[in-house]
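[1] Generate coordinates for the sequence data below:
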Amino acid sequence: MPRRITKAFFAAAAAGATITTLGLAASPAGAASHGIHFTPSAPQTATSANGTPCGAAGDITGTWLSTDCGKAGYVATGRDFRFASAIVTIPNHTGSVIRDPMIYVALDASATNNDFARVGVEPCTTGISGTCPAGDTSGWEAFAQIQEPGAAVINDFATISPSLEGDGVFLSAYLVPTGNSVHFVVNAPSQATIINVTDPVSGPVYTDAQALADWTTDTQPAPVVPLAKIRDTQFFQGRFTTVSGAQGTFSGPWTLAAVDATSNGSLPPAGTLIAQPSYLWNDGSGFHGMGNDAFGVWRFPF
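    Numbers count the residues shown, from 1 in each chain. Got it, this is the predicted structure:
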């Protein structure tokens with residue numbers, strides 16, 4: 001279980017945060033579309049945990065369709081978005097590319113092509129020939145990534161200290177008003193600023209805002225079914241903002257869908273549930289006192 005989780009107060013949309021500590025809060029797991037705490041404004045959707053897109057030959061898409069690799073979390077649609085942020089917990093163990101997901105917030109326009117701005121943490125392989133940044137011993141790295149049709153992928157990576165395992169990091173992605181760049185921030189209380197970069201884009205229109213655990217880059221069909229129910233991560237202080245300036249937490253003046261990972265991309269009973277977000281709940285530090293700003297991501301052994 002994570003030792004502690006951090007909370008951030010948003011000083012500016014693109015400029016990071018002031019970090020203090022917050023005792024870890026528990027969240028109930030269950031079918032988010034029937035929760036006491038919150039009912040999404042759109043039906044649950046499912047992504048496939050064992051289909052062709054998963055595993056070593058998998059894709060790295062920004063979509064969340066039934067044919068995609070296993071993803072679990074919440075996706076806002078129905079508006080154009082410019083800002084997404086949250087605090088996420090890094091799992092309290094050395095990162096494993098076999099079992100652990102990417103954990104991120106994203107601005108996305110991938111209906112027909114990969115077109116997204118994504119920032120988060122992901123597992124990596126340590127060692128001389130590994131995929132982690134030089135000197136990384138935690139098996140986790142911070143990343144920011146931009147994909148646009150017809151353009152080279154832009155990646156930024158940074159080392160995650162082992163001391164952050166089980167702790168929280170603040171993530172934000174902000175499309176600047178000119179539409180020609182996205183500003184990314186990854187902050188942590190004990191490692192200061194991990195990523196603070198601005199990368200170019202070509203006037204994207206981001207029709208989704210996302211907060212997801214994503215097993216796309218897992219090296220085997222994923223996510224792995226656990227022996228017992230486990231929580232992979234938690235999202236706190238979630239915040240989305242539209243291009244027109246409408247602000248909210250994970251919920252707001254947009255359509256919100258809960259995304260599950262199932263055995264075949266179909267919701268139960270046609271598919272077997274493997275990973276799922278909890279109900280949205282209020283962590284007590286939501287934007288302007290708003291709730292529905294936190295959830296956990298769980299995996300199930302059935």
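[2] Would you agree residue 217 falls within a helix?
    No. Looking at residue 217 with DSSP: H, G, I helix; E, B strand; the rest coil, it is coil, so not inside a helix.
[3] Can you tell me how far it is from residue 111?
    Counting by Cβ to Cβ, to the nearest Å, the gap from residue 217 to residue 111 is 22 Å. In this view, the C-beta of every residue, glycine as well, is placed from N, C-alpha and C.
[4] between those two, which one's more packed in?
    residue 217 (21 against 11; other Cβ atoms under 10 Å).
[5] so that one sits right up against residue 97, yeah?
    Yes. Applying Cβ atoms under 8 Å, one finds residue 217 in contact with residue 97, separated by 7.1 Å.
[6] What average pLDDT does stretch 216-231 get?
    Averaged across stretch 216-231, pLDDT comes to 77.
[7] ends of stretch 282-292, how far apart?
    Start and end residues of stretch 282-292 are separated by 5 Å (Cα to Cα, to the nearest Å).
[8] Just give the closest residue to residue 241, not the sequence neighbours.
    Using Cβ to Cβ, 6 or more residues apart in numbering and skipping the chain neighbours, the partner closest in space to residue 241 is residue 83 (3.8 Å).
[9] Now do the helix or strand where the one you found lies: which elements does it pack against?
    Using DSSP states H and E, residue 83 sits in strand 81-89. Contacts defined by 3 or more Cβ pairs under 8 Å, 6 or more residues apart in numbering; DSSP states H and E place strand 81-89 against strand 5-10, strand 102-108, strand 168-175, strand 208-214, strand 230-242.
[10] just the CA coordinates of the third one, formatted as PDB?
    Extracted as PDB, the C-alpha positions of strand 168-175 are listed here (Å, rounded to 0.1, in the frame of the first residue of the first chain):
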ATOM      1  CA  GLY A 168       2.400  10.800  -5.400                       C
ATOM      2  CA  VAL A 169       3.400  13.000  -8.300                       C
ATOM      3  CA  PHE A 170       1.600  15.900  -9.900                       C
ATOM      4  CA  LEU A 171       1.000  15.800 -13.700                       C
ATOM      5  CA  SER A 172      -0.300  18.400 -16.100                       C
ATOM      6  CA  ALA A 173      -0.700  19.000 -19.800                       C
ATOM      7  CA  TYR A 174      -1.700  22.400 -21.100                       C
ATOM      8  CA  LEU A 175      -2.300  23.400 -24.700                       C
END
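[11] Next up, the contacts around the residue nearest to residue 241.
    Contacts for residue 83 (Cβ atoms under 8 Å, 6 or more residues apart in numbering) come out as 13, 14, 107, 172, 173, 174, 175, 209, 239, 240, 241.
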